[in-house]
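Q: Return a 3D structure for these sequence lines:
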Amino acid sequence: MKVSEKNSFLNRLVAAIVALMVTVFAYGQNVTVKADLDSSSIRVGEQTAIRLQAVKGAGVQLQMPIITDSLAEGLEVVSVSKPDTTDLKEGSVQINETIVVTGFDSAVVTIPPFVFVSGTDSFETQEMTLKVLPIEVDSVQQGLYDIKDVYAPPIDWWSVFRYVLIVLLIVVAIVGGYYLYKRYKQCKTQDVETEPEPVDAYDLAKKRLALIRTEKMWQTSDVKGYYTTLTDTLREYVVNRFGIDAMEMTSYDLIKSMKTDENAKQYVEDIESLDQIMRLSDLTKFAKWIPTIDEGKKALDDAETFVEKTREVLVAEKEKGGEA
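A: Here you go, the predicted structure:
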């Protein structure tokens, strides 16, 4: 046997062993997943459906893929159906979910694999390709038309009156505003306006977290409301403590910004703890994941630890600690 043929045989043997191991592993987890496209090509503006299917054992907890506004560049999500669960034989359960997508630019879109999570294991579907074709115009059937003559449009007197009225109102507002300003200057006393005190990020966050603990929100049925309140408190703390616009960021962008921020990047372990809280919250809000009560309480404990360890230590406190 030649060396090249021997190597080829060994490669095929290794591939077969790996495939067998993956199959045995997946069977051991009692989970199989797949994704199918209703159509391999659509025209610009048309819609098609991606059908996700997962089969799991009755006692296996499985998280469906998290679907955002777009699956890939040029492919937008129109709607996502609620998971449809069907009981199969021998205690297995089948979960179906339909994603309706569309595209507005002609291109060949590669849809990445969908990831299902079961505990610490993950299962991926195959990669798929969707062609978005342009709309062709038949110039023969459509026909051509002569260029229209240039003509003066009729005067819209109502629009003219409306614009004149708007100008008059602006002039009156300017004159009135100037008059009120002059009166204000004349009546103004020498009272000194006190500037509002800066927000104490630490105290504000501690009070709100203490309120969450007092009300035991993680034990209520409103799990989504609990995680929303908890993460909003942490986001507001990051805004007040580090000046990062956390309220307008996704969880991914928030963690990325903290890892690069000069004031925040030193808290490496604490940022990782915040990332775990944000991930669990996103799963609860967007993937209908239901954490346990212990996980909810741990998220609150970790949030309090994060605020405690990243609080801003004032100069006076540092000097006091040194003297002690």
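Q: Gly74 versus the residue nearest the centre of the chain, what's the distance?
A: In the chain, the residue lying closest to the centroid (Cα atoms, centre = their mean) is Thr250, at 5.2 Å. From Thr250 across to Gly74, the span is 20 Å (Cβ to Cβ, to the nearest Å). In short, each C-beta sits where N, CA and C put it, glycine included.
Q: for the longest helix seen in the chain, the distance to its chain's centre please.
A: In the chain, taking DSSP state H as the definition, the longest helix is helix 157-187. The chain centre lies 45 Å from the centre of helix 157-187; the measure is Cα atoms, centre = their mean, to the nearest Å.
Q: Then stretch 38-55?
A: 22 Å.
Q: Then stretch 234-252?
A: On Cα atoms, centre = their mean, the centre of stretch 234-252 falls 15 Å from the chain's centre.
Q: Give the buried residues for it.
A: Within stretch 234-252, the residues that count as buried by 16 or more other Cβ atoms under 10 Å are 234-242, 244, 246, 249, 251.
Q: Pick out the most distant pair among those residues.
A: The most widely separated members of those are Asn240 and Ser251, with 18.4 Å between them, by Cβ to Cβ.
Q: Now name the helix or strand holding the nearest residue in space to Ser79 that is not next to it in sequence.
A: With sequence-adjacent residues excluded and distances taken as Cβ to Cβ, 6 or more residues apart in numbering, Ser79 is closest to Val100, at 4.7 Å. Following DSSP states H and E, one finds Val100 within strand 92-102.
Q: Partner strands of that strand, with direction?
A: Take DSSP bridges as the rule and strand 92-102 pairs in its sheet with strand 47-57 (antiparallel), strand 75-80 (antiparallel), strand 84-87 (antiparallel).
Q: and the ones you listed, which is most packed in?
A: The highest average neighbour count among these, using mean count of other Cβ atoms under 10 Å, belongs to strand 47-57 at a mean of 18.
Q: got any ranges where this protein has weak pLDDT?
A: 1-29, 137-145, 188-198, 314-324 (pLDDT under 70).
Q: can you tell me how far Gln276 sits from Asn240?
A: The spacing between Gln276 and Asn240, counted by Cβ to Cβ, is 22 Å.
Q: nope, Gly74 is what I meant
A: Gly74 sits at a distance of 39 Å from Asn240 (criterion: Cβ to Cβ).
Q: repeat for Thr260
A: 19 Å.
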